[in-house]
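Enquirer: 3D, please:
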Amino acid sequence: MTDTAHETVPAEQASAAASPAASEQPRLSPADVESAVFAIGDRARRASRTIGRANRAWKDRALRAIGAALKENEDAILAANAKDLEAGRAGGTSKALLDRLALTPQRIDGLVAALENLAGLPDPVGTVVRGQTLPNGLRMRQVNVPMGVVAAIYEARPNVTVDIAGLALKSGNAVILRGGSAAAHTNSALVTILRDTLDSVGLPADAVQSVDAYGREGANVLMRARGRVDVLIPRGGRELIQSVVLNSTVPVIETGEGNVHIFVDASADEEMAVEILLNAKTQRPSVCNTVETVLVHRDSTVLPAVARALAEKGVRLHVDGRTMAALPEGVSAEAATDHDWATEYMDLDLAVATVDSIDDALEHIRRWSTGHTEAIITNDLRNAERFIAEIDSAAVIVNASTRFTDGGELGLGAEVGISTQKLHARGPMGLTELTTTKWIVQGEGQVRA
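Expert: Coordinates of the predicted model:
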């Protein structure tokens, strides 16, 4: 984290290329940036009033139109993304970050499918949470209403641009985006498409705006835009998230890093364990629901098969002494330290420890977990129930891959992020998590005694 007054948002990793919009403008003073970002917030507030009143059919029509526009402009999006990837490689960006940054025709198809999914979901706005008629005849109900203006600060994840915009639209919110310089060209192309499409269906283009043109100082101002922005959601690495949490005066929903654990119980089936662990570690290692630490019960017999399978997929193992002694011939590993137990690798690295009991597994997880996702592989119902009861994380999984901690996979259509805090929202944040509630009380002249 930087220590200067105007550098509270950390620099993106070495891939960071200057925002194309920013590079074309003369450098603005901090006062000018503040004025520009506050103006964006004011326009978003006005747009939110229209979006908040839009009915489901109108919003769903916009979502499907955005999906069609993404496909129509696929070549332009991929060309912009290629510029960001080229800059990232030139800057020495890690393989994991490049994977998060990259868009492909298949990933664009995934974004379109997510938008279609969102269009098929019920509109959360207006849903009655609870209600009753009181003894004095007052009719009261609590209903879901939009937040208003949602802001997001994220890095090297252009898919998030579409996901958050789609979720915000369906839940009746305007959104302000800070996508970071690593994805500047891609995000610029996507935001233009989003705004043009909203305008084409009669919704305000200002329901989707970006402050990327104003760089880190623009992000800092966004964090101070209390009254213009209702909630701020950071999504990225530990440094970015903690910077936003510590420096924002706008209410923050903290999305957390994923130091994710899987406990392989003594009763775990070998074939199941191999399949789950390969999926959880190697399907897409750069994302936050990838397993980072595996804890194996000392009486389990699956370790040799698991270690061989992971090694064949190129996974680098970091292990404790007992695990090292139990590795099969031909499988190498490094000795693990406390750094490994605390690390979200987001790469083909995996920490492995041998534990004596479920108690030891629970204690290890309590010490090192970031509260994202923990899983157990077991055929012992009592151990499964105990694991569920005693693990205090946003998601707890039994006999399945940790990769299912995802808004799309859990039927939410998409997600803004995965909250690891406990207030308002926890776990994958979909449509309902982007609403708050309002009390409506109706009477016939009652007064309080």
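
Enquirer: I'd like the next helix or strand past the helix or strand hosting Asp340.
Expert: Using DSSP states H and E, Asp340 sits within helix 338-341. Using DSSP H and E, the helix or strand that follows helix 338-341 towards the C-terminus is strand 349-355.

Enquirer: So which other helices or strands are in contact with that following strand?
Expert: Strand 349-355 sits against strand 291-297, helix 303-312, strand 316-319, helix 321-326, helix 338-341, helix 358-368, with contacts defined as 3 or more C-beta pairs under 8 Å, 6 or more residues apart in numbering; DSSP states H and E. For the C-beta atoms, the positions are set from N, CA and C on the backbone; glycine is no exception.

Enquirer: Buried residues, the second one. List them.
Expert: In other words, helix 303-312. Using 16 or more other C-beta atoms under 10 Å as the test for burial, helix 303-312 gives 303, 306-311.

Enquirer: for the last one, same thing?
Expert: Buried residues in helix 358-368, defined by neighbour count with 16+ other C-beta under 10 Å: 358, 360-362, 364-365, 368.

Enquirer: Which single one of these is nearest to Ala414?
Expert: Ile365 (28.3 Å; C-beta to C-beta).

Enquirer: which residues of the stretch 101-250 of the chain fall in helices?
Expert: 105-120, 158-170, 184-200, 215-223, 238-247 (DSSP state H, counting those that start in this stretch).

Enquirer: Need the winner for burial among those helices.
Expert: helix 158-170 (a mean of 27; mean count of other C-beta atoms under 10 Å).

Enquirer: How far does that one sit from its chain's centre?
Expert: Mean C-alpha position of helix 158-170 versus that of the full chain (C-alpha atoms, centre = their mean, to the nearest Å) differs by 11 Å.

Enquirer: Stretch 258-271 too?
Expert: Put simply, stretch 258-271 sits 24 Å off its chain's centre (C-alpha atoms, centre = their mean).

Enquirer: picking up where we left off before, need the helices and strands packed on strand 349-355 in a markdown table with distance to Thr249 and mean pLDDT, can you?
Expert: Below are those laid out as a markdown table (distance: least, C-beta to C-beta, whole Å; pLDDT from 0 to 100):
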| stretch | distance to Thr249 | mean pLDDT |
| --- | --- | --- |
| strand 291-297 | 33 | 98 |
| helix 303-312 | 45 | 97 |
| strand 316-319 | 40 | 98 |
| helix 321-326 | 46 | 97 |
| helix 338-341 | 34 | 97 |
| helix 358-368 | 31 | 98 |
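
Enquirer: got JSON lines for these, with distance to Ala205 too?
Expert: Formatted as JSON lines, the helices and strands packed on strand 349-355 follow (distance: least, C-beta to C-beta, whole Å):
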{"stretch": "strand 291-297", "distance to Ala205": "41"}
{"stretch": "helix 303-312", "distance to Ala205": "48"}
{"stretch": "strand 316-319", "distance to Ala205": "47"}
{"stretch": "helix 321-326", "distance to Ala205": "55"}
{"stretch": "helix 338-341", "distance to Ala205": "47"}
{"stretch": "helix 358-368", "distance to Ala205": "45"}
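
Enquirer: wait, which of these is closest to Val143?
Expert: helix 358-368 (38.3 Å).

Enquirer: Downstream of that closest one, the next helix or strand is which one?
Expert: strand 373-377.

Enquirer: Tell me which strands that following strand pairs with, and in which orientation.
Expert: Each strand paired with strand 373-377, and its direction, by DSSP bridges: strand 260-264 (parallel), strand 395-398 (parallel).

Enquirer: How about the shortest one, which residues are buried there?
Expert: Think strand 395-398. For strand 395-398, by 16+ other C-beta under 10 Å, it's 395-397.

Enquirer: give the contact list for the nearest residue to Arg43 once chain neighbours are set aside.
Expert: Excluding its sequence neighbours, the residue lying closest to Arg43 (C-beta to C-beta, 6 or more residues apart in numbering) is Asp206, at 4.2 Å. Neighbouring residues of Asp206 by C-beta atoms under 8 Å, 6 or more residues apart in numbering: 43-44, 46-47, 174, 195.

Enquirer: mind putting the strands paired with strand 373-377 in CSV, mean pLDDT included?
Expert: Below are these laid out as CSV (pLDDT from 0 to 100):
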stretch, mean pLDDT
strand 260-264, 98
strand 395-398, 98
